[in-house]
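Novice: sequence? don't have it. structure:
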């Protein structure tokens with residue numbers, strides 16, 4: 001049964017309409033809004049976790065770089081090897097050791 005708007009509302013419909021108007025009024029006034037509350041501990045925790053993630057990501061990049069340097073012994077020997085054949089370096093090492 002479709003209503004055209006000319007028929008009066010029943011008591012049940014009138015009560016439902018009043019209840020809906022009350023809810024809309026409460027929502028528009030902001031009363032009872034739990035989602036709009038500011039949570040300082042949640043905000044501080046979020047900032048702390050973001051900073052921790054940024055720090056750990058930087059440290060992980062450094063760790064990967066250092067691991068690639070340490071494990072590549074051939075490159076290390078190729079870099080440091082010529083120093084052992086330099087007479088000035090040998091003299092400095094023997095002076096320091098003795």
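Specialist: That came in fine, so what should we check first? Keep in mind it's a predicted model, so treat the numbers as computed, not measured.
Novice: quick one: contacts of the helix or strand of the chain with the lowest mean pLDDT?
Specialist: In the chain, the helix or strand scored least confidently by mean pLDDT, DSSP states H and E is helix 73-84, which has a mean of 85. For helix 73-84, contacts defined as Cβ atoms under 8 Å, 6 or more residues apart in numbering pick out 69, 89-90. For every residue, glycine as well, the C-beta is placed using N, CA and C.
Novice: next helix or strand past it?
Specialist: The first helix or strand that comes after helix 73-84 along the chain, using DSSP states H and E, is helix 87-97.
Novice: and that following helix with helix 73-84, angle?
Specialist: Helix 87-97 and helix 73-84 are oriented at 90 degrees to each other (axes from the mean of the first three to the mean of the last three Cα atoms, to 10 degrees).
Novice: who touches helix 87-97?
Specialist: With Cβ under 8 Å, 6+ apart as the test, helix 87-97 has contacts from 83-84.
Novice: what mean pLDDT does that helix have?
Specialist: The average pLDDT for helix 87-97 rounds to 92.
Novice: which parts of that helix are buried?
Specialist: Buried residues in helix 87-97, counting neighbours by 16 or more other Cβ atoms under 10 Å, are absent.
Novice: quick one: it to chain centroid distance?
Specialist: Relative to its chain's centre, helix 87-97 lies at 51 Å (Cα atoms, centre = their mean, to the nearest Å).
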